[in-house]
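In: Kindly generate the corresponding structure for this input.
(chains A and B)
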There are 2 protein chains.
Amino acid sequence: MNDHAEAPVLPVEAFEPPYYVAVFTAVRTPDQSGYSETNARMEELVRDIPGYLGMDYAQSPGGLAITVGYFRDAEALSEWRTNVEHRAAQKRGQAEWYRNYTLHVAKVERSHGFTRAEAPQGPPAG
Amino acid sequence: MNDHAEAPVLPVEAFEPPYYVAVFTAVRTPDQSGYSETNARMEELVRDIPGYLGMDYAQSPGGLAITVGYFRDAEALSEWRTNVEHRAAQKRGQAEWYRNYTLHVAKVERSHGFTRAEAPQGPPAG
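Out: Coordinates of the predicted model:
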């Protein structure tokens, strides 16, 4: 079974404020060797942080990559920021994978979500 | 001349905190008729808001679209949120263009940027 291929993409939901977002916007270098393995390991690590809420990711082909991480409080973010493996990955990112990046860490004051009302999916009435 | 095609993609820079981010994460519907015209008009409008700082955008093919807007203060964001044309576009987005979205509005507490030191681009010394 391959659940990944079938799961619909969904944005991370709106949580009850306050919570934190870490907005990471980056342009990558042409040499991405080792990136995907490290990225998979970082995703594994961050899920173990108490207070980690989720992550959104998008990358335009040949363009900007945006990662948004959601955390319950400043303590959760601080634990992630100071994680030893994460720091080593950041160093390698600066040396090899990123041409430019910006990180914005911000406290969410309000949020809301929207989900389209779908047509009923049950068997036809007739 | 087509400056757009030649300008390198760059993430919006880190500003001096505090400032605001509006993180909009969305999955679109298959029917995007009228979207790009409205989106272009919104980009034009938001640039006229005093305190608008910039915007980052990325979309994974067939996946999530992330837009991050940057604003100097809550007043700038409020002016954008209550703009009449913007509100009409939001309504149309809910009716036609978006399957799901989440909006997180947050006050930036810290930020930093990284730019790779490039190899010198002058003529070869030899």
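In: Would you state the strands of chain A in chain order?
Out: Counting by DSSP state E, chain A has these strands, from start to end: A:19-28, A:52-59, A:65-71, A:98-115.
In: which of the ones you listed sits most buried?
Out: Most buried of the strands of chain A, by mean neighbour count (mean count of other C-beta atoms under 10 Å in any protein chain shown): strand A:65-71, with a mean of 24. Placement of C-beta: from N, CA and C, glycine included.
In: Note down every partner strand of that one and its orientation.
Out: Here the strand partners of strand A:65-71, with direction, are listed using DSSP bridges: strand A:19-28 (antiparallel), strand A:52-59 (antiparallel).
In: do you know how far residue A:15 is from residue A:58?
Out: Summarising the geometry, the distance separating residue A:15 from residue A:58, computed by C-beta to C-beta, to the nearest Å, is 20 Å.
In: er, residue A:31 I mean
Out: Counting by C-beta to C-beta - residue A:31 and residue A:58 are separated by 22 Å.
In: ok, and for the longest helix seen in chain A, which residues are buried?
Out: Ranked by number of residues, the top helix in chain A under DSSP state H is helix A:35-47. Residues of helix A:35-47 classed as buried: A:35, A:38-39, A:42, A:45-46 (neighbour count, 16 or more other C-beta atoms under 10 Å in any protein chain shown).
In: nearest to residue A:84, of these?
Out: Closest to residue A:84 out of these is residue A:45 (9.9 Å), distances taken as C-beta to C-beta.
In: which ones are touching the closest one?
Out: Applying C-beta atoms under 8 Å, 6 or more residues apart in numbering or on different chains, we find residue A:45 in contact with A:83, A:85-86.
In: and which of those is nearest chain B?
Out: Checking those against chain B by C-beta to the nearest C-beta gives residue A:86 as the nearest, at 15.3 Å.
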